[in-house]
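*Asks:* How does the following fold in three dimensions:
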Amino acid sequence: MRKDYTLTDQFFAEMAGTYVLVFFGVGSVHTAILTGAQTGLWQVAIVWGIAISLAIYTIGAVSGAHMNPAITIAFATFRRFPIRKVPWYSLAQLLGAFLAAATLYALFHGIIAQYELGKGIVRGMPGSELSGMIYGEYFPNPSLAKSPLPLSMVQAFFAEGIGTAFLAFFVFAVTDEQNPGRPSGSLFAVFIGLAVSIIISIIAPLTQAGLNPARDFGPRLFAFLAGWGRIAIPGPRGGFLSVYILGPILGAVAGAGVYQFIFQRMHLFERDTERTPEKGLPTMKKGKLILVGGFLGTGKTTLLWQAAQQLTQQGHRVALITNDQAPCLVDTGIFKQAGWTVGEIAGGCFCCKFDDLVGTANCLIKAANPDIIIGEPVGSCTDLSATVLQPFKDKLAHQFDLAPFTVLIDPNRLRDAMDPNPHNPLHSRARYILRKQLEEADIIVLNKADQIPASDFQKLQDELRNQFPNTPLLSMSALHGQGIPKWLESVQQRTAVGQKIADVDYDTYAEGEAVLGWLNATASLSPKEAIDWGAWGLRFLEGLQRTFSSKSAEIAHMKMLMVSASNQSLSANLTSSQGKATLRGQIYGDSPMTLVFNARVQMSPEELHATIEEHLKAICGETIQLQINAIRSLRPGRPQPLHRYVTVV
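*Replies:* As a prediction, this is how the structure comes out:
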C-alpha cells in the first residue's frame, strides 16, 4: 500500500537523493582530474547519468526525485507542485550536495594536496580553480587551460540555460503520462540519466555543465570553507550566481514551458483518437460526458449517485469521475462501495488537470465501455466553460458527446450568493466563485427543494430567473430522487453546450479558493466494545460543527465514509455550519473500521488539521484504538488552467 509521505519524509529523501547524485557525479570529476581514472568526458558523463537514474529509483516514490532546485521550480510552475514545498526541497538538495562534497573531501583531501603540489597550485590564489573545479564549476572549463576557449559570461549563461532547458524538456516528456512515446514502466529514470549524460557531453567543455543550482552551490560553498575562498565564491571571473544559479532556473522553466505548451498538447489530442478501419483497428465509441458543477455542499455527489442508479435501471452502463485537490476522497469510496466504475482525479480541478480528465475518461471507456460518464469537478472551481467545455468542443468533439453544463445550487448557498452583508458567514471571495459558477451554467438546478417551505423555494426560483433569464432552470431534491428524471432528459436531449464564458478575475478566484482549508484523512478504528457506528459518526460531525461554530469558521462541507472488515459501509455528511448532519447506512458491532474523512472549512489548513486531529482523538477516547493512517491539510494554489478559450466554440 502506498504511504502518504510527509514533507519531512520528502525533505530527507531529496537530501539523500542529491547526496547520491553529487557523491558519484562529483566523485567521478575527482577521480578524472586527480587520478586520471576516467579517460575522456563521456566516462564522467555516463557516471553522472547512472548516478541520477539510481537516485531516482531510490527516492522517487517518496519525493518525486527532483534533486535540482531548477526542476523543482519548473514543476511548481507547470505541474502544480506545491509552492510552499519549493524552499524546503531546495534546502534539502543544497544540504545533500554540501554533505556529499564534504564526504569526498574527507576521502580525497590528501590526493588533492598532492595534486596541487605537483601542479604548483596555491589554494585560494589565482589559478587554483584547476583544483577547485572538482567541486564548483568554472567557465571556460579550467581543464582546457592549455588552450582556453573564448567564452564570455553571456555565452556561459546561455550554455547553462539551454543545457538545463533540454534537461527539463526531457524530464517533462518522459514523465508525462499522456505522452504515447514515453518509456514504459519505470524506465523513465534510465532515460533521464541518459539525457543528463548527452547534455554534459556538449555543455561541459564550455561551463562544466552544472545544470543544477544545488549541485553547483553546495560543493562550491564547501570549497569556499575548505580554503579556496574567493576562487570558489564569487570565482575568478565572478558570475557564478547568474551563470550557475539563475541560468539553470530560467532554462528549466523555459524548457518545461516549451514541452507543456507545445508538445504536451500534441500528445493530448493525438492519443486515444479513433483508429482507421482500413487498418483493421477498432474505432473508439463516442461517449456521453455529463459534467455537474456547483459549490461545495450543494448535493453534487447525491445527484451523481441517484442519476447513476436511475440510468443503470434504464439499461445504461455508467461510469463516474470524482475530482479533488488531494487524494483519499470520500466520494470515490462511496461510489466504489456501491459498485460503480469510478476514476478519481486528485491534485487540482478539471481545468488544471485537463489532460488527466481526458485520460481518465478514455481509461473508463476502455475498461467498462460506459454509455454515459458523469463527472463532478471540485466544488470551489469555476471558469469551466472556458477551460474545459470549449477545449472538449474544439479538440475532442469526435470522441465525446458533451452534455450541457449543469450547475447545482442549494437554497442556503443561493442566499449567501445574493447577500452583500459583510457579516455573511461565507467569505466574499468564496461567494464570488459561487456567482461565477451560476453565470457560466448551461442549466441551473436549484437543489434541496425538500429543505425549505415551498413559498420560500419559489421566491428563490424567481430570483434565479430574474438574474439569469437566458439559462434554463430546474428544481429537484436529489436526496429523494425528485426531479432527476427531468434533469436527465434535459442533459441528454439539449445540444446547447458551453454557450457562456464568464468574465473571471483570477486573482479574486484564487483568493476565493484560498479562504478554505482542505483536509483529507484516513484512519483505522479498533473498538474495545460494540459500537453504534452511525451514532458515533453523527456525534463526530456534530461535535466538529460546534467547535467550528465557536471559532466562527464556516463549514463548506464535511463528509465521512466508514467501512468494516466485512465490507459493510455507512456514510455521513454535513454541508454548512447551520445544517444538519445526514447519515446513510447503519453498522453496529466491535469490528475494526476504516474511516475516510474530508473537510472543507473556512480556516487555515494548520488550524483545521489540529482541530480535527484533536477532536478525533477525544471522541475515540479509551474505548476505540485510533491509528491515523494519513492526514493532509492544504490551501488550494492559484488555478493554472491548461487551456483557456476567450470565445465560445
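*Asks:* can you list the weak-confidence ranges in the protein?
*Replies:* 1-5, 145-148, 177-178, 264-286, 422 (pLDDT under 70).
*Asks:* and the most centrally placed residue in the chain, what does it touch?
*Replies:* Centroid check for the chain by C-alpha atoms, centre = their mean gives G347 as the closest residue, at 3.5 Å. Each residue near G347 by C-beta atoms under 8 Å, 6 or more residues apart in numbering is listed here: R80, Q325, A326, P327, K353. Glycine gets a C-beta too; all of them are placed from N, C-alpha and C.
*Asks:* Closest one to E613 out of those residues, please.
*Replies:* A326 (16.0 Å; C-beta to C-beta).
*Asks:* Surely that closest one touches I631?
*Replies:* No. If you go by C-beta atoms under 8 Å, A326 and I631 don't touch, sitting 10.4 Å apart.
*Asks:* tell me, what's touching these two both at once?
*Replies:* Joint contacts of A326 and I631 (C-beta under 8 Å, 6+ apart) are N520.
*Asks:* Tell me if G36 really is in a strand.
*Replies:* No. The assignment for G36 by DSSP: H, G, I helix; E, B strand; the rest coil gives coil, which leaves it out of any strand.
*Asks:* Can you tell me the number of residues neighbouring it?
*Replies:* 8 (other C-beta atoms under 10 Å).
*Asks:* ok, it to S143 distance?
*Replies:* The gap separating G36 from S143 is 12 Å, by C-beta to C-beta, to the nearest Å.
*Asks:* how about I199, what does it touch?
*Replies:* I199 touches G163, F166, L167, A209, L211, counting by C-beta under 8 Å, 6+ apart.
*Asks:* Which secondary structure element is home to the second one?
*Replies:* What it means is F166. Here F166 sits within helix 153-174, counting by DSSP states H and E.
*Asks:* Output the next helix or strand after that helix as PDB, nothing but the C-alphas.
*Replies:* Next in sequence after helix 153-174, counting helices and strands by DSSP H and E, comes helix 188-207. Taking Å, rounded to 0.1, in the frame of the first residue of the first chain, the C-alpha atoms of helix 188-207 are listed here in PDB:
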ATOM      1  CA  PHE A 188      12.000   6.900 -17.400                       C
ATOM      2  CA  ALA A 189      14.700   7.100 -14.800                       C
ATOM      3  CA  VAL A 190      17.200   5.500 -17.200                       C
ATOM      4  CA  PHE A 191      16.300   7.900 -20.000                       C
ATOM      5  CA  ILE A 192      16.600  10.900 -17.600                       C
ATOM      6  CA  GLY A 193      20.100   9.700 -16.800                       C
ATOM      7  CA  LEU A 194      21.000   9.300 -20.400                       C
ATOM      8  CA  ALA A 195      19.600  12.800 -21.100                       C
ATOM      9  CA  VAL A 196      22.000  14.200 -18.500                       C
ATOM     10  CA  SER A 197      24.900  12.300 -20.000                       C
ATOM     11  CA  ILE A 198      24.400  13.700 -23.500                       C
ATOM     12  CA  ILE A 199      23.900  17.200 -22.300                       C
ATOM     13  CA  ILE A 200      27.100  17.000 -20.200                       C
ATOM     14  CA  SER A 201      29.000  15.800 -23.300                       C
ATOM     15  CA  ILE A 202      28.100  19.000 -25.100                       C
ATOM     16  CA  ILE A 203      28.000  21.700 -22.400                       C
ATOM     17  CA  ALA A 204      30.800  20.500 -20.100                       C
ATOM     18  CA  PRO A 205      33.700  21.700 -22.300                       C
ATOM     19  CA  LEU A 206      32.200  25.200 -22.000                       C
ATOM     20  CA  THR A 207      31.000  25.500 -18.400                       C
END
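*Asks:* and the angle from helix 188-207 to helix 153-174?
*Replies:* 170 degrees (axes from the mean of the first three to the mean of the last three C-alpha atoms, to 10 degrees).
*Asks:* Give me the next element, helix or strand, following helix 188-207.
*Replies:* Sequence order places helix 213-223 as the next helix or strand after helix 188-207, per DSSP H and E.
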